[in-house]
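> Here is my input; please provide its structure:
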Amino acid sequence: MRPTAVIANLPHHGDSIVLIGGNETRENFAYSIANDSYTKLAALPVGHNITTNVCVNFKDKAIFTFIHDAELSIKVAVMDLTTIDANEEVESAKQMKFVLKMSQAEHTLDRFHLKCGVAMADDRIAIMSRGRLPGMRENISSLILYFRVKKHD
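Below is the predicted model of the structure:
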């Protein structure tokens, strides 16, 4: 298995490659380019697919992961990058949190696959996918899904 790599400028680490998932324990790591060192980060939450996710660095403040499961539910998890401390390893039990779970009945997309994503200047994330909406004649079409990012304390 392989992790999904995300480039980010992390506090106390500088430019880093964040490695999301990729093993059976759902672990995440940050590789500091300047320090040539790894730091263990919060793991993916239970129920998060470890190999088919789209990850987006949101302004070096958070990394969002987007997946769909076998029931075509969309799930989004988040890792807060502002709380990462270079001098301490994360305890094994710490996990990212799901911030959105949307069933197929709610979003009504069919035959869809999430492909890639990007953070936009207007505090949204755009996810490119393929699939179809109800009533579409074609089986496969390009879709752009927008997610608005808001911080809740």
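
> Low-confidence stretches in this structure?
In the predicted model, the chain carries pLDDT under 70 at residues 1, 51-52, 85-93, 138-140, 153.

> Any idea which residue is closest to the centre of it?
Thr65 (1.2 Å; C-alpha atoms, centre = their mean).

> Look up which residues are beta-bridged to that residue.
Taking DSSP bridges as the rule, Thr65 bridges to Cys55, Ala77.

> if I look at it, how far off is Gly135?
Distance of Thr65 to Gly135, computed by C-beta to C-beta, to the nearest Å: 30 Å. Backbone N, C-alpha and C define where each C-beta goes, glycine included.

> beta partners of Gly117?
Ile127.

> show me the contacts for it.
By C-beta atoms under 8 Å, 6 or more residues apart in numbering, the contact set of Gly117 is 54-56, 64, 66, 125-128.

> Now a ChimeraX select for only the buried ones of the residues you listed.
Filtering the contacts of Gly117 down to the buried ones (16 or more other C-beta atoms under 10 Å) takes a single ChimeraX command:
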select :54,55,56,64,66,125,127
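
> This protein: strands as residue ranges?
4-10, 14-20, 28-32, 37-41, 54-58, 62-68, 74-80, 97-102, 110-119, 124-132, 141-148 (DSSP state E).
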